[in-house]
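>>> one predicted model, sequence on top.
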Amino acid sequence: MSFKEEFFTYLSGFGEYEKRSMFGGMGVFIDGAMYAIITNKSLFLRGGEVLDERLCQLGCAKFKHIKRSTTAIVNYYDITPLFSESRTLSNELVEHSIQIARQDKVEKAADKNKRIRDLPNMRLTLERMVKKAGVKDVTSFMELGASEVFCKVRQVHGQDLDIKLLWMFAGAVQGCHWTLLNDDQKSGLLSAVS
């Protein structure tokens, strides 16, 4: 049995998987989430969260995909030596990798299906204002925060925006109605946009 076949047989113990050609090897997916890459000689596991640090401490090298003139280093780690030394440790790492891959897929799907107008206090007209100001999705909206989004909208739509809009953005970020913001939160927001 080849290395590759041995790896695929091993991974079948963690559930039904699909495989696709990826990065010069075979990507291994469970429930549509990619968690491993198998090459002719190596098994690479997807990292993420605390697993990255653990795999680095264990001496696992990152996967490098070499394309004509560039090299891409992706968040997959070579566990081949660990696979040979300890199946117990390998099992633990594979299970953790699968858990992270599934969770990441769920989170990305949730963000993709969520629109800015679906956030608290927001509606279609506000979503259009925000998008016109360059904030294209919920993830960007959340990462920028209420005061930065407000400043961007003010740059596009003029300085005379109602300050209530800032409160509405803050409520959207915090997941509450804008009237529930306290005075300290409002004064912090005001100083951030002044």
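Good, I have the coordinates. Residues are numbered from 1 along each chain as shown.
>>> drop to CA atoms for contacts and neighbour counts, all remaining ones
OK.
>>> buried residues, stretch 171-180. List them.
Gly171, Ala172, Val173, Gln174, Cys176, His177, Trp178 (16 or more other CA atoms under 10 Å).
>>> break the chain into its domains for me.
3-112, 116-193 (automatic domain parsing).
>>> can you give me the helices for this protein?
Using DSSP state H, the helices of the chain run over residues 3-12, 50-57, 80-85, 87-113, 124-132, 138-144, 146-157, 164-174, 183-193.
>>> redo the buried residues of stretch 171-180 as TSV? Include distance to Ser191 and pLDDT.
Listed next are the buried residues of stretch 171-180 as TSV, based on distance: CA to CA, whole Å; pLDDT from 0 to 100:
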residue	distance to Ser191	pLDDT
Gly171	17	91
Ala172	19	93
Val173	18	90
Gln174	18	87
Cys176	21	84
His177	21	88
Trp178	17	89
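>>> neighbours around the nearest residue to Val74 once chain neighbours are set aside, how many?
Using CA to CA, 6 or more residues apart in numbering and skipping residues adjacent in sequence, the residue nearest Val74 is Phe63, 5.8 Å away. If you count neighbours by other CA atoms under 10 Å, Phe63 ends up with 20.
>>> list the contacts for Phe63?
Phe63 makes contact with Phe44, Ile73, Val74, Asn75, Tyr76, Tyr77, Asp78 under the criterion CA atoms under 8 Å, 6 or more residues apart in numbering.
>>> with adjacent residues omitted, what lies nearest to Leu180?
Gly171 (7.8 Å).
>>> wait, isn't that neighbour in contact with Pro120?
Yes: between Gly171 and Pro120 there is a contact at 6.6 Å, judged by CA atoms under 8 Å.
>>> so what's the closest residue to Ser21 other than its chain neighbours bridging to?
By the measure of CA to CA, 6+ apart, the closest residue to Ser21 outside its immediate chain neighbours is Gly27, 5.9 Å from it. Beta bridges link Gly27 to Arg20, Ile37, judged by DSSP bridges.
>>> which of the helices of the chain sits most buried?
Ranked by mean neighbour count, the helices of the chain are led by helix 164-174 with a mean of 21 (mean count of other CA atoms under 10 Å).
>>> that one to helix 146-157, inter-axis angle?
140 degrees (axes from the mean of the first three to the mean of the last three CA atoms, to 10 degrees).
>>> send the alpha carbons of helix 164-174 over as CSV?
The C-alpha trace of helix 164-174 is given here as CSV (Å, rounded to 0.1, in the frame of the first residue of the first chain):
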residue,chain,number,x,y,z
LYS,A,164,-28.8,58.9,15.7
LEU,A,165,-27.3,57.1,12.8
LEU,A,166,-24.1,56.5,14.8
TRP,A,167,-26.2,55.1,17.6
MET,A,168,-28.0,52.8,15.2
PHE,A,169,-24.6,51.5,13.8
ALA,A,170,-23.4,50.9,17.4
GLY,A,171,-26.5,49.0,18.2
ALA,A,172,-26.1,46.9,15.1
VAL,A,173,-22.5,46.1,16.1
GLN,A,174,-23.6,45.2,19.6
